[in-house]
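*Asks:* build me a model:
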Amino acid sequence: MEKDIIKQIILNQQEFISQVKLLPRKVSIEENGNYVFVGIRRAGKTYMLYQHIQQLLKDRHSKQEILFINFEDERITDIKKEELHLIVECYKEMFAFEPIIFLDEIQNIEGWEHFARRLADEKRQVFITGSVTSTMEAYPKVSVTQTSAPGSPPYIKKYSIRTLSLETT
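*Replies:* Numbers count the residues shown, from 1 in each chain. Okay, here's the model as predicted:
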């Protein structure tokens, strides 16, 4: 995977998300929580991330703090789990901030749960979306329990990642 491609995706997403027009939904997200949103395709999981990012921008975060990767972007669909570290590495080469990480449709990458677990163990703030059919297959490999996502439709489930284990908030 070429680093220049990853860097371009990061910049493109920062610009795009800051300009997305949204109809606000009532969504409650804990300030320092890490979340995995799982639901059926086209349910609004990415929309919830966009809304949260725009709220962060309103709360005086810089768009340069946002690290958003959509794994359905054809430029990155061939990335391997062994290369996922390049995402944070590329971000760090571009910005001096500690990123707030958003990984959209990560179920497309086999073995993604190891990367997510490491990010959580490193105490990074992480938000993940995945579609039910593929993402749920990864959960037996990690310790995770389900809760309802406050303010989200009933067909979207929220999972919370914590530092040494994956557990419910």
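*Asks:* pull the CA atoms of stretch 25-34 into CSV?
*Replies:* Extracted C-alpha coordinates of stretch 25-34, given in CSV (Å, rounded to 0.1, in the frame of the first residue of the first chain):
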residue,chain,number,x,y,z
ARG,A,25,-30.2,13.1,15.0
LYS,A,26,-30.1,12.8,18.7
VAL,A,27,-27.0,10.7,19.4
SER,A,28,-25.2,10.5,22.7
ILE,A,29,-21.5,9.7,22.5
GLU,A,30,-19.3,9.6,25.5
GLU,A,31,-16.5,12.1,25.3
ASN,A,32,-13.6,9.7,25.7
GLY,A,33,-15.4,6.5,24.6
ASN,A,34,-14.4,4.1,21.8
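*Asks:* longest strand anywhere in this structure?
*Replies:* The longest strand of the chain (DSSP state E) is strand 125-131.
*Asks:* that strand pairs with which strands, and in what direction?
*Replies:* When pairing is defined by DSSP bridges, strand 125-131 lines up against strand 35-39 (parallel), strand 100-104 (parallel).
*Asks:* residues touching Glu98, list them.
*Replies:* Contacts of Glu98 were listed using CB atoms under 8 Å, 6 or more residues apart in numbering, and they are Glu65, Arg124. No exception for glycine: its C-beta is placed from N, CA and C like everyone else's.
*Asks:* my bad, Phe71
*Replies:* Phe71 neighbours (CB under 8 Å, 6+ apart): Thr77, Ile79, Leu103, Asp104, Glu105, Ile106, Gln107, Asn108, Ile109.
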